[in-house]
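[1] task: produce atomic coordinates for the following.
(one chain, ligands or ions: 1)
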Amino acid sequence: MSEKNIVETSAAEIAVHWQEEDYFAPSPAFIHQANLVDETLADRFSLDNFPDYYTEFAELLTWYKYWDEVLDTSDAPCWKWFRGGKLNASYNCIDRHLAKNKNKTAIHFVPELETERVDHITYQELYVRVNEFAALLRNSAGLKRGDRVTIHMPMSVELPITMLACARLGVIHSVVFGGFSASACADRIIDSNSRVLITMDAYYRGGKLLDHKTVDNEACGLAEKEGQKVDKLLVWQRYPGKMSSNAEIVEGRDVIVNDELKKYYGARIEPEQMLAEEPLFLMYTSGTTGKPKGAQHGTGGYLAYVTAMSKYIQDIHPEDVYWCMADIGWITGHSFIVYGPLALCASTVIYEGIPTYPDAGRCWRIAQDLGVSIFHTAPTAIRALRKVGPDEPAKYNYNFKHMTTVGEPIEPEVWKWYHKVVGKGKAVIVDTYWQTETGGFLCATVPGMQLMKPGSAGPGVPGIHPIIYDENGTVIPPGAGKAGNICIQNPWPGCFQTIWGNRERFVDTYFKMYNKNPNSKDWRDWPYLTGDAAMEAADGYIRVLGRIDDVINVSGHRLGTKEIESAALTVPEVAEAAVVPVIHEVKGTEPELYVSLRPGFEPSAELRQKVADAIVTQIGKIARCKNVYIVPDMPKTRSGKIMRRVLGAISNKGDVGNVMTLANPEIVDQIKGMVD
Ligand code: PRX
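    Numbers count the residues shown, from 1 in each chain. The predicted structure is shown next:
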């Protein structure tokens with residue numbers, strides 16, 4: 001530590017310009033209370049001790065039966081963690097806390113309307129509500145262990161209740177982000193063969209009450225057209241009588257949860273004793289093809305991993321009020337709003353709406369009113385908050401000791417504002433690098449032990465051994481100043497088990513590239529390919545540079561270029577579509593779309609609008625494109641491949657490079673003329 005350029009976080013003034021090498025140290029007060037400070041950490045979690053070190057994580061949970069084997073590699077690379085062990089996730093997040101903490105707040109729910117009551121749900125209340133809803137799922141919807149259920153709900157306290165009720169029964173939940181369209185929801189219903197969909201009537205976002213059930217009426221219709229009938233649509237009502245869709249009840253299919261629940265008041269459901277390797281949930285994410293893939297997460301490994309990450313990296317103590325601003329519809333919300341914090345008996349905050357509405361002080365007001373001590377958000381939200389209210393945090397009396405960022409690289413400049421203004425110069429910042437597939441963190445600093453370095457995620461978290469390979473499989477050593485493909489050498493319990501229904505795609509996408517022997521049962525032969533390019537500095541800190549595949553990161557959310565292009569191609573006039581990421585001040589990047597038309601069609605403003613609308617209808621507003629350009633032709637290689645790189649350079653006003661090898665170099669200037 002000594003020869004590095006360390007900036008004490010307790011120092012009042014922080015250097016205005018710092019180099020990448022600047023480090024920040026946690027305050028002595030933070031170190032004093034940290035959950036993990038151990039000089040022997042590197043030895044304890046060395047590869048020599050793999051996989052046994054992960055039993056420490058599993059021991060944070062309560063098991064009905066301990067495992068027979070820590071890691072079963074017999075079906076490589078579909079690893080089975082804690083094989084033979086039995087547990088229940090709902091029991092671990094609720095029941096086991098009741099003896100000592102039944103009156104403690106499990107969930108604080110902050111509605112968008114400031115005139116609505118903030119709800120403080122105790123562990124006892126959570127227990128009661130999860131049991132009653134589990135009884136409804138079992139008896140009124142006929143669900144049983146191993147069935148899949150799609151949940152398309154906005155941020156509300158009923159969302160974790162629904163998830164935990166599923167977990168109690170061993171029903172595999174597939175939560176779809178509330179902002180996704182009917183079509184995106186239908187795709188997920190079909191792929192997971194869900195015959196039950198759970199929704200909510202309406203929610204507030206940015207000052208508007210949005211009719212949500214209508215979207216799911218449509219989703220059911222779309223799924224049915226493709227042969228996946230939704231037998232039951234369970235509707236939680238927050239605003240009975242307010243939405244017209246509440247009246248559009250399909251007899252025999254729709255069940256109003258609020259009414260039906262009355263049958264189950266007082267019901268108690270014994271948690272299913274799940275095998276550790278049985279699936280807990282599916283989380284769909286974007287990849288290189290048009291259809292999202294269902295990342296299947298197991299019960300024991302996943303829960304052990306997120307609980308350990310919540311304890312050691314999020315540094316959650318039972319007395320903390322912990323607020324992760326993500327949406328539960330993404331993996332961050334699953335792991336770090338619901339499962340991790342509740343397994344640790346913390347108080348977790350759920351809020352409805354957006355960070356900047358009704359004003360730029362909302363987040364800090366919530367933090368002050370609830371006494372939030374740990375705060376977790378994404379660079380896109382930090383950029384937005386900084387833009388609309390750079391001086392707002394100072395007006396509120398809150399006190400963060402720990403802050404997280406996740407989802408995309410954070411610019412040192414933005415990190416600085418987060419640290420100095422939001423963290424008031426006192427909070428530690430942990431930049432967590434991970435993915436939907438990985439369940440929990442890959443790289444981050446252990447906050448009480450390791451220095452922070454703005455712009456770098458940090459080294460592998462305890463137990464994770466990253467390695468960077470070049471295209472040929474040669475290791476790029478730390479400090480080489482060269483980027484490569486970041487892989488993880490060892491399996492870990494939080495990693496997803498497979499892609500739902502598509503083992504081959506799982507193996508090909510994540511393990512094939514650097515595997516030397518496809519028949520090997522030795523985990524050393526199966527490095528996990530993250531799909532990101534990264535550089536490792538001499539200190540072992542990883543700087544993530546971005547995706548190497550066809551994925552765009554918009555506001556920290558993953559969108560597949562093929563998904564957007566397929567949506568554009570649903571417009572009959574469109575012949576070809578190519579989407580590129582454009583740098584955006586708040587979102588990081590946003591998609592911009594180029595389309596060419598089939599013969600006989602002419603460009604028009606209406607057609608452009610039609611294509612733009614198709615993207616929103618097929619995927620959701622999150623995929624809305626900055627611009628849609630109708631071009632006479634796409635820049636193509638001689639073999640006919642669309643050169644997205646050239647379009648990307650045009651969109652970002654960058655250098656298109658040498659285009660003379662293209663089949664149609666003249667098109668480049670024409671397109672440039674349209675974009676400028
Ligand atoms: O490219 C990396 C980026 O987000 C991708 C994963 O996206 P998703 O599965 O939606 O999960 C987001 C929340 C975990 C990664 O492949 N990414 C994630 N975290 C970071 C990041 N890039 C840089 N720094 C991060 N901290």
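
[2] which intervals of the chain have sub-threshold pLDDT?
    Applying pLDDT under 70 to the chain flags the ranges 1-21, 245-247.

[3] mind listing what Asp38 touches?
    44, 449 (Cβ atoms under 8 Å, 6 or more residues apart in numbering). Every residue, glycine included, has its C-beta placed from N, CA and C.

[4] that's a strand at it, yeah?
    No - counting by DSSP: H, G, I helix; E, B strand; the rest coil, Asp38 is not found in a strand; it is coil.

[5] that one and Ile313: what is the separation?
    14 Å (Cβ to Cβ, to the nearest Å).

[6] same check on Phe336?
    Distance from Phe336 to Ile313, by Cβ to Cβ: 10 Å.

[7] more neighbours, those two?
    Phe336 (28 against 25; other Cβ atoms under 10 Å).

[8] quick check: the more buried one is in a strand.
    No - read with three-state DSSP, Phe336 is helix and lies in no strand.

[9] so what's the closest residue to it other than its chain neighbours up against?
    In this structure, Phe336 finds its nearest non-sequential neighbour in Cys324, 4.7 Å apart by Cβ to Cβ, 6 or more residues apart in numbering. Residues near Cys324 by Cβ under 8 Å, 6+ apart: 332-333, 336-337, 341, 348-349, 376-377, 404.

[10] what's the answer for Asp532, then?
    With Cβ under 8 Å, 6+ apart, Asp532 has these contacts: 485-486, 544-548.

[11] distance of Gln609 relative to Leu342?
    Gln609 is 44 Å from Leu342, where distance means Cβ to Cβ.

[12] these two - which one has more neighbours?
    Leu342 (25 against 11).

[13] in a helix, the more buried one, correct?
    Yes - secondary structure of Leu342 (three-state DSSP): part of a helix.

[14] sec struct for Gly425, please.
    Relying on three-state DSSP, one would call Gly425 coil.

[15] hang on, the earlier thing: any chance of the contacts of Asp532 in JSON lines, plus neighbour count, distance to Arg624 and secondary structure?
    Converted to JSON lines, the contacts of Asp532 look like this (neighbours: other Cβ atoms under 10 Å; distance: Cβ to Cβ, whole Å; DSSP: H, G, I helix; E, B strand; the rest coil):
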{"residue": "Asn485", "neighbour count": "21", "distance to Arg624": "31", "secondary structure": "strand"}
{"residue": "Ile486", "neighbour count": "29", "distance to Arg624": "30", "secondary structure": "strand"}
{"residue": "Val544", "neighbour count": "21", "distance to Arg624": "25", "secondary structure": "strand"}
{"residue": "Leu545", "neighbour count": "14", "distance to Arg624": "26", "secondary structure": "strand"}
{"residue": "Gly546", "neighbour count": "17", "distance to Arg624": "21", "secondary structure": "strand"}
{"residue": "Arg547", "neighbour count": "16", "distance to Arg624": "20", "secondary structure": "strand"}
{"residue": "Ile548", "neighbour count": "17", "distance to Arg624": "25", "secondary structure": "coil"}
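
[16] of the residues you listed, list those near the ligand.
    Of the residues in the contacts of Asp532, proximity to the ligand by Cβ under 6 Å from any ligand atom holds for 544, 547.

[17] which bits of the stretch 551-676 of the chain sit near the ligand?
    553, 557-558.

[18] ranking by neighbours, what's the top pick from those residues?
    Going by other Cβ under 10 Å, His557 tops those with 25 neighbours.

[19] beta partners for that one?
    His557 forms beta bridges with Val554, as assigned by DSSP bridges.

[20] that one against Ile331, yeah?
    No - counting by Cβ atoms under 8 Å, Ile331 is not a contact partner of His557; they are 10.4 Å apart.

[21] kindly report the residues of the stretch 351-500 of the chain close to the ligand.
    406-409, 431-436, 457.

[22] for PyMOL, what selects the buried ones among those?
    To isolate the buried members of these in PyMOL, using 16 or more other Cβ atoms under 10 Å:
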select buried, resi 406+407+408+409+431+432+433+434+435+436+457
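
[23] contact partners for the closest residue to the ligand within the stretch 301-450 of the chain?
    In the stretch 301-450 of the chain, the residue that lies nearest the ligand is Thr436 (3.4 Å; Cβ to the nearest ligand atom). Contacts for Thr436 were tallied using Cβ under 8 Å, 6+ apart; they are 283, 285, 295, 330-331, 496, 558.

[24] list just the nearest of those to Leu451.
    Ile331 (27.2 Å; Cβ to Cβ).

[25] pretty sure that closest one is touching Gly439, no?
    Yes - counting by Cβ under 8 Å, Ile331 touches Gly439, with 7.3 Å between them.

[26] of those two, who's got more company?
    Between Ile331 and Gly439, counting by other Cβ under 10 Å, Gly439 is the more crowded of the two (30 against 27).

[27] return the backbone torsion pair for that one.
    When read as degrees, to the nearest 10, the backbone of Gly439 gives phi 70, psi -40.

[28] just the closest residue of the stretch 151-300 of the chain to the ligand, please.
    For the stretch 151-300 of the chain, Cβ to the nearest ligand atom, closest residue to the ligand: Thr285, 5.2 Å.

[29] does that residue touch Lys291 like I think?
    No - counting by Cβ under 8 Å, Lys291 is not a contact partner of Thr285; they are 11.1 Å apart.

[30] leaving out sequence neighbours, find the closest residue to Phe50.
    Sequence neighbours aside, Asn490 is the residue nearest to Phe50 in space, at 5.4 Å (criterion: Cβ to Cβ, 6+ apart).

[31] quick one: the strands in the stretch 101-250 of the chain?
    Applying DSSP state E, counting those that start in this stretch to the stretch 101-250 of the chain gives strands spanning 105-110, 119-122, 148-152, 172-175, 196-200, 202-205, 208-211, 232-236.

[32] make a markdown table from those and add mean neighbour count and distance to the ligand to it.
    Shown next, in a markdown table, are the strands of the stretch 101-250 of the chain (neighbours: other Cβ atoms under 10 Å; distance: least, Cβ to the nearest ligand atom, whole Å):
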| stretch | mean neighbour count | distance to the ligand |
| --- | --- | --- |
| strand 105-110 | 22 | 21 |
| strand 119-122 | 17 | 26 |
| strand 148-152 | 27 | 18 |
| strand 172-175 | 26 | 14 |
| strand 196-200 | 26 | 23 |
| strand 202-205 | 20 | 20 |
| strand 208-211 | 15 | 23 |
| strand 232-236 | 23 | 26 |
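
[33] mind putting those strands into TSV with distance to Ala134?
    Shown next, in TSV, are these (distance: least, Cβ to Cβ, whole Å):
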stretch	distance to Ala134
strand 105-110	16
strand 119-122	16
strand 148-152	12
strand 172-175	12
strand 196-200	13
strand 202-205	23
strand 208-211	28
strand 232-236	12
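
[34] how about Gly648, phi and psi?
    phi -60, psi -40.

[35] tell me the bridge partners for the spatially closest residue to it that is not a sequence neighbour.
    Counting by Cβ to Cβ, 6+ apart, Gly648 lies nearest to Val580, which is 4.0 Å off, once chain neighbours are set aside. Val580 has these beta-bridge partners by DSSP bridges: Glu592.

[36] contacting residues around Val580?
    With Cβ under 8 Å, 6+ apart, Val580 has these contacts: 561, 591-592, 594, 644, 647-648, 651-652.

[37] buried only: go through the residues you listed for me.
    Among the contacts of Val580, the ones that count as buried by 16+ other Cβ under 10 Å are 561, 591-592, 594, 644, 647-648, 651.

[38] from those residues, pick the one nearest the ligand.
    Thr561 (13.7 Å).

[39] so the closest one sits against Val554, correct?
    No - contact between Thr561 and Val554 fails when scored by Cβ under 8 Å: they sit 11.3 Å apart.

[40] now do the shared contacts for these two.
    Pro591.

[41] re the thing from before, and Thr285 and Lys291? Which one has more around it.
    When Thr285 and Lys291 are compared for neighbours, Thr285 comes out ahead with 21 against 17, by other Cβ under 10 Å.
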